[in-house]
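Trainee: Output the structure for:
(one chain, ligands or ions: 1)
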Amino acid sequence: MKKLALFSAFGFALILFLQAMPKNDSPLQPEISDEAAQIPENVMAVVQQKCYGCHNAESKNEKGKEKLDWDELNAAKKSKALATMKKITEVLEGDEMPPEKFLERKPEGKLTDEEKATLLAWSSGKKK
Ligand code: HEC
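Mentor: Modelled structure (predicted):
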């Protein structure tokens with residue numbers, strides 16, 4: 001009898017554990033196609049204003065363009081795009097972009113809460 005109780009306790013714990021595991025269709029995965037990231041228009045509108053200047057292939061900001069090129073991301077296949085989007089999520093959550101030094105000269109370059117939420121909703125898949 002004792003064995004049975006132990007066994008069912010174990011079974012119960014296993015079920016709880018499995019339910020806590022992230023599922024493949026988790027809503028926290030950004031939804032993008034396999035072929036290309038195809039950044040949505042509302043996201044691109046923010047990016048154009050606040051990020052693109054430093055992060056495109058022709059940018060004069062050598063470090064910025066080396067780290068991120070939005071056009072390249074837009075065309076990137078899913079696995080690569082997801083890795084880049086994860087980095088974007090990280091810098092947004094840490095309020096690291098646009099860079100502090102740049103904002104000292106150009107405070108209007110800072111993301112508004114609404115813009116940040118728009119970018120984060122896309123990059124992380126989290127709802128606003
Ligand atoms: C004034 C220029 C400038 C602007 C504007 C700017 N960035 Fe950056 N970004 C940089 C530079 C420079 C780096 C490289 C920083 C480093 O290596 O220390 C960078 C790095 C990054 C990285 C790569 C981080 C890593 O560790 O690989 C991401 C992601 C990023 N920026 C996202 C953004 C987003 C999102 C925006 C708009 C909200 C933005 N950036 C706006 C200059 C800029």
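
Trainee: And for residue 99, the neighbour number?
Mentor: Using other Cβ atoms under 10 Å, residue 99 is surrounded by 14 other residues. (Glycine included, C-beta is placed from N, CA and C.)

Trainee: Ramachandran coordinates for it?
Mentor: Per-residue torsions, residue 99: phi -60, psi 140 (degrees, to the nearest 10).

Trainee: Next one, pLDDT for it please.
Mentor: Predicted confidence (pLDDT) for residue 99: 98.

Trainee: how about the nearest residue to residue 37 once chain neighbours are set aside, what does it touch?
Mentor: Distance criterion Cβ to Cβ, 6 or more residues apart in numbering; nearest residue to residue 37, sequence neighbours excluded, is residue 81 at 3.7 Å. Contact analysis of residue 81 by Cβ atoms under 8 Å, 6 or more residues apart in numbering lists 32, 36, 37, 73.

Trainee: want to try a markdown table for the residues you listed, with neighbour count and distance to the ligand as columns?
Mentor: Shown next, in a markdown table, are the contacts of residue 81 (neighbours: other Cβ atoms under 10 Å; distance: Cβ to the nearest ligand atom, whole Å):
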| residue | neighbour count | distance to the ligand |
| --- | --- | --- |
| 32 | 19 | 16 |
| 36 | 14 | 18 |
| 37 | 22 | 13 |
| 73 | 19 | 9 |
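
Trainee: Between which two of those is the distance greatest?
Mentor: Largest separation among these by Cβ to Cβ: 32 and 73, giving 10.3 Å.

Trainee: Common neighbours of those two, please.
Mentor: With Cβ under 8 Å, 6+ apart, residue 32 and residue 73 have common neighbours 81, 85.
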